[in-house]
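Q: Sequence below, structure please.
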Amino acid sequence: MNNINLLDIRRPGVTTIEVDNTATDRAVEDVIFEERLVVGFSRKGAFNTVTRISSVSDRRRVYGEIDEFLEKRGSYFHRMIDIALQEGPVLALNLLPVNNAEDGGDYVDYTSLSVSPQNANSGIIKDLYSKFYEKERFWRPSTSNFLQIINSNTLTRDSILSFVNIGQDKYSILIKKTDSVVPFDKYIQEYYNTDQEVPSYLNPLDKLSDYFVDVIVLKGDFTNYSKLSTDPTYSKYFDSNGLKNSALASLKTSRDFNVVLSVTGSLIPNLLDGSGISYSIDTLINSYMSSLGLLCVINDDYLNSLSAEDLSVFDLTGHSLTNSDVTQVDYLSYKFNLLENLEYTKRLSHTSVDYTLFDGVSYQNSIGNNDYGLFLNRIKYDGISIQSNIIPNVSLVEMNNDDYGVIKSYVTSSGDTIINYTHPDKRNEG
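A: So this is what the prediction gives:
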């Protein structure tokens, strides 16, 4: 018996299949197909390409639940798959007509993210939906095409990490530097042996774990921070500037969010562990392409053109902030001001409480203005003239809680010495 596998048909159209029956007397009609092809329409899942479906749970994962919206318009693709599955695995082809016109065509958003605090993220950029696919045969999402799009745009061609959502669900992506990756907590020069040269863009004395990121994908749009910050449910996670630092851990396990993916990977391309398993973040994310519709690329050609001194491009440890005039960070999912102006209300009156520490030495807890600011304490040595060198704003005085206060000023008069100093505990007083 001759078996015909539809997966061997590599392109759409009319295909002629020749079957050699010279060695058997079986009729042509006895030739069976190993798997049946179901063609239809779905608003979720890969388009214009054949996908093997083995179970109803497979169908739900790839194409979603039964779509009543499409069924009202005469498309029963999901039900057809379920019925065909009663006889065994099927091949499904989800068709999509696409408008490729430059003006008014079908566009999709993508973004390229900075991986150094010296540079800012690109923001949202649009390009034609079909450009992200290899279309020579059946449509397949193409990382090569994605890289061509990035490299042809002046806003993104010097970027290393990029994402595009070519699925139908909306997602919000959070990316942060990984806190700890124990298997890779080793120096780069230890990982690359004598047969492997350390890539030019890496510092051999950095640790591999310094180049790992956590990627958390939430289903839904969580970018309207002004609205989220006042929402009864989400205000405990967001303020007007974005996600609160204290909320990240609880967000990953909260029922208020649908976390569709949480993965940790490396920005170093093709990084493998001792068992040969890839930890490259693009490889890990793209393994979920058929179910999520997210495509991630690392521009390794651009990376290999860099040196370890190019900190303004590839720097997750903050080295590039040294002697830098950068005042705002906007890379990965971090966005905040490096410099802050803190405002305090000046008091109009001065109050103080005097304490006698021991004979000849008194302590004055001062709250007020002028020389008695909110952070200032005074200590007075009666009849003692300090002879040691005291340098204001440099000299320290040891506190009883192992902290140190900074001497702001001192005066010696009539044999007495008064020292004014500040310390952290004062910020909670008054």
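Q: and L261, which of the three is it?
A: Assigned with DSSP: H, G, I helix; E, B strand; the rest coil, L261 falls in the strand class.
Q: Bridged to it, which residues?
A: Beta bridges link L261 to V217 when assigned by DSSP bridges.
Q: Would you mind measuring from it to A308?
A: 31 Å (C-beta to C-beta, to the nearest Å). Where C-beta positions appear, they are placed from N, C-alpha and C, glycine not excepted.
Q: remind me which residues of the stretch 1-150 of the chain are low pLDDT?
A: 1-34 (pLDDT under 70).
Q: how about the helices of it, start to end?
A: 56-63, 68-71, 77-85, 143-151 (DSSP state H, counting those that start in this stretch).
Q: which outside residues touch the third one?
A: In other words, helix 77-85. 36, 38, 40-42, 53-56, 59, 63-67, 70-71, 90, 92, 94 (C-beta atoms under 8 Å, 6 or more residues apart in numbering).
Q: Using ChimeraX, make a named selection holding only the buried ones among those residues.
A: Buried residues among the contacts of helix 77-85 (16 or more other C-beta atoms under 10 Å), as a ChimeraX selection:
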select :36,38,40,41,42,53,59,63,64,67,70,90,92,94
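Q: So which of the contacts of helix 77-85 are in strands?
A: 36, 38, 40, 53, 90, 92, 94 (DSSP state E).
Q: need those in CSV with distance to V297, can you?
A: Below are the ones in strands among the contacts of helix 77-85 laid out as CSV (distance: C-beta to C-beta, whole Å):
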residue, distance to V297
R36, 35
V38, 31
G40, 30
I53, 27
V90, 31
A92, 27
N94, 24
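Q: Export the helices of the stretch 1-150 of the chain as JSON lines, with columns for distance to L174.
A: As requested, the helices of the stretch 1-150 of the chain are exported to JSON lines (distance: least, C-beta to C-beta, whole Å):
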{"stretch": "helix 56-63", "distance to L174": "23"}
{"stretch": "helix 68-71", "distance to L174": "30"}
{"stretch": "helix 77-85", "distance to L174": "31"}
{"stretch": "helix 143-151", "distance to L174": "21"}
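Q: quick one: which of those helices is nearest S112?
A: helix 143-151 (6.1 Å; C-beta to C-beta).
Q: hang on, the earlier thing: from the ones in strands among the contacts of helix 77-85, which is closest to D231?
A: Looking across the ones in strands among the contacts of helix 77-85 and measuring by C-beta to C-beta, the closest to D231 is N94, at 35.1 Å.
Q: That closest one: what's it in contact with?
A: 40-42, 45-49, 51, 63, 77.
Q: and the closest residue to it other than its chain neighbours, how far is that from E68?
A: Distance criterion C-beta to C-beta, 6 or more residues apart in numbering; nearest residue to N94, sequence neighbours excluded, is S42 at 4.7 Å. S42 is 13 Å from E68, where distance means C-beta to C-beta.
Q: ok, now E35?
A: From E35 over to E68 (counting by C-beta to C-beta), the distance is 27 Å.
Q: which of the residues in the helix or strand hosting S226 are buried?
A: Taking DSSP states H and E as the criterion, S226 maps to helix 225-228. Using 16+ other C-beta under 10 Å as the test for burial, helix 225-228 gives L228.
Q: Ok, stretch 269-285 next?
A: Those buried within stretch 269-285 under the rule 16+ other C-beta under 10 Å are 269, 271, 278-285.
Q: What is the end-to-end distance of that stretch?
A: Stretch 269-285 has an end-to-end distance of 13 Å (criterion: C-alpha to C-alpha, to the nearest Å).
Q: again, but for stretch 175-192
A: End-to-end for stretch 175-192, by C-alpha to C-alpha: 27 Å.
Q: average pLDDT across that stretch?
A: In this model, stretch 175-192 has an average pLDDT of 88.
Q: which other residues reach that stretch?
A: 113, 161, 198, 202-210, 212-216, 248, 264, 266, 271, 273-274, 279, 316, 332-334.
Q: one more time with 6 Å
A: Applying C-beta atoms under 6 Å, 6 or more residues apart in numbering, the contact partners of stretch 175-192 are 198, 202, 204, 206-209, 212-215, 264, 316, 332-333.
Q: ok now it, how far from the chain's centre?
A: 17 Å (C-alpha atoms, centre = their mean, to the nearest Å).
Q: Repeat that for stretch 403-414.
A: 48 Å.
Q: Tell me which of the contacts of stretch 175-192 fall in strands.
A: Using DSSP E, these in strands are 212-215, 264.
Q: want to try JSON lines for these, with distance to E190 as columns?
A: Formatted as JSON lines, these follow (distance: C-beta to C-beta, whole Å):
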{"residue": "F212", "distance to E190": "16"}
{"residue": "V213", "distance to E190": "21"}
{"residue": "D214", "distance to E190": "23"}
{"residue": "V215", "distance to E190": "26"}
{"residue": "T264", "distance to E190": "20"}
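Q: Between which two of those residues is the distance greatest?
A: Of all pairs in these, the most separated under C-beta to C-beta is F212 and V215 at 10.4 Å.
Q: could you dump the ones in strands among the contacts of stretch 175-192 to JSON lines with neighbour count and distance to S180?
A: As requested, those are arranged in JSON lines below (neighbours: other C-beta atoms under 10 Å; distance: C-beta to C-beta, whole Å):
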{"residue": "F212", "neighbour count": "23", "distance to S180": "9"}
{"residue": "V213", "neighbour count": "20", "distance to S180": "13"}
{"residue": "D214", "neighbour count": "20", "distance to S180": "11"}
{"residue": "V215", "neighbour count": "23", "distance to S180": "16"}
{"residue": "T264", "neighbour count": "17", "distance to S180": "10"}
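Q: Any chance of a markdown table for these, columns distance to C296 and pLDDT?
A: As requested, these are arranged in a markdown table below (distance: C-beta to C-beta, whole Å; pLDDT from 0 to 100):
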| residue | distance to C296 | pLDDT |
| --- | --- | --- |
| F212 | 15 | 95 |
| V213 | 11 | 95 |
| D214 | 14 | 95 |
| V215 | 8 | 96 |
| T264 | 14 | 95 |
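Q: Please tell me how far the residue nearest the centre of the chain sits from G88.
A: Using C-alpha atoms, centre = their mean, the residue of the chain that lies closest to the mean C-alpha position is I175, 1.2 Å off. Distance, I175 to G88, using C-beta to C-beta: 41 Å.
Q: re earlier: downstream neighbour of the helix holding S226 in the secondary structure list?
A: Next element after helix 225-228 (DSSP H and E): strand 238-239.
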